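Peer 1: pasting the structure only:
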């Protein structure tokens, strides 16, 4: 049977972040913030090495400030993808182009 | 993009154009609009790109990355033929911008100084995000478009933009800082919390 103290590392990270948030530590600077931000962006771009991803996951699991950065970066990406306009080429223009090519 | 050993026949050229290039026409059009910020110029730029792609089709290797190849042509056409005439009087030269953003002074000062919250961004409208993106210098805007909207990998972006991968990474990092600052400034001006 699972005991109250039997928590995994993810839950431990959540717990630490909750404590940091409660203590208002989200506004506190992290000495590794700039490096972590650079790496987490690379990770979100799916271009990070396994080692880089491990570093980021471990760091944001324990640092509320960088976890906030992670959430914000993700949200901005999603907003850029889903909220900016995606247009279709006017059919008239497609016809003009293909008729020139297929002459 | 190796030179094809022998030229394609007319039939092959049309086949490549219709089957490998035309599937990317919407993506190219959207890229053209986001570069020029003008619908008529975007249409001209797209036409020019298609004509150039067809004219130089022998240098495209059938079955390779057509999308990146076409984006590269469009980007080059934009720089050579459109950017000069559409460059606004107050616009800064890219080299100056990159030098500034790479300076030690800026590295310290530009560090995540914004207090933008995820919830605030989630509540923003499409036009607000689009305006922030469009107000960025075109070179910074371009890397965000290629990466986030078109899903190109750093290596592909390096080829499209003719820059080393390290520069892609640093330019993208700066671009994301600028976008975040613009969104934060907008949120503050609108009284978002």
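Peer 2: Received the coordinates, thanks. As the structure is a computational prediction, the values presented were derived from the model and not from experiment.
Peer 1: Do a quick rundown of the helices in the chain.
Peer 2: Answering for chain A, as no chain was given. A:9-22, A:33-44, A:50-62, A:64-83, A:91-101 (DSSP state H).
Peer 1: Oops, wrong one, chain B.
Peer 2: Secondary structure of chain B (DSSP H): helices located at B:10-16, B:25-36, B:39-55, B:66-77, B:83-86, B:94-102, B:104-109, B:118-122, B:126-134, B:138-144, B:154-161, B:165-189.
Peer 1: In TSV: those, plus mean neighbour count and mean pLDDT.
Peer 2: To be clear about C-beta, it is placed using only N, CA and C from the backbone, and glycine gets the same treatment. Shown next, in TSV, are those (neighbours: other CB atoms under 10 Å in any protein chain shown; pLDDT from 0 to 100):
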stretch	mean neighbour count	mean pLDDT
helix B:10-16	14	94
helix B:25-36	21	97
helix B:39-55	19	97
helix B:66-77	21	98
helix B:83-86	12	66
helix B:94-102	14	53
helix B:104-109	10	44
helix B:118-122	17	92
helix B:126-134	18	93
helix B:138-144	22	96
helix B:154-161	20	98
helix B:165-189	19	95
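Peer 1: In CSV, list those helices along with distance to chain A.
Peer 2: What follows is the helices of chain B, written out as CSV (distance: least, CB to the nearest CB, whole Å):
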stretch, distance to chain A
helix B:10-16, 6
helix B:25-36, 4
helix B:39-55, 5
helix B:66-77, 12
helix B:83-86, 19
helix B:94-102, 13
helix B:104-109, 8
helix B:118-122, 4
helix B:126-134, 4
helix B:138-144, 7
helix B:154-161, 5
helix B:165-189, 6
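Peer 1: which one of the ones you listed lies closest to residue A:102?
Peer 2: Closest of the helices of chain B to residue A:102 is helix B:10-16, at 6.0 Å (criterion: CB to CB).
Peer 1: and the residue most central in space within chain A, what is it in contact with?
Peer 2: The centre of chain A sits closest to residue A:74, judged by CA atoms, centre = their mean, with a distance of 3.5 Å. Contact analysis of residue A:74 by CB atoms under 8 Å, 6 or more residues apart in numbering or on different chains lists A:44, B:118.
Peer 1: Report the contact partners of residue A:46.
Peer 2: residue B:153.
Peer 1: Now do the domain split for chain B, please.
Peer 2: B:10-86, B:94-189 (automatic domain parsing).
Peer 1: Between the ones you listed, which one is closest to residue A:61.
Peer 2: With CB to CB as the measure, domain B:94-189 is the member of the domains of chain B nearest residue A:61 (17.9 Å).
Peer 1: so how far is that closest one off the chain centroid?
Peer 2: Relative to its chain's centre, domain B:94-189 lies at 11 Å (CA atoms, centre = their mean, to the nearest Å).
Peer 1: quick one: pLDDT of residue A:101?
Peer 2: In this model, residue A:101 is scored at 88, pLDDT.
Peer 1: Apologies, that question was intended for residue B:5.
Peer 2: Note for residue B:5: predicted pLDDT of 58.
Peer 1: Nearest the middle, which residue of chain B would you pick?
Peer 2: Short answer for chain B (CA atoms, centre = their mean): residue B:142, at 2.5 Å.
Peer 1: so who does that residue touch?
Peer 2: B:35, B:75, B:161.
Peer 1: let's see 6 Å
Peer 2: By CB atoms under 6 Å, 6 or more residues apart in numbering or on different chains, no residues touch residue B:142.
Peer 1: before we move on, what about residue B:75?
Peer 2: residue B:160.
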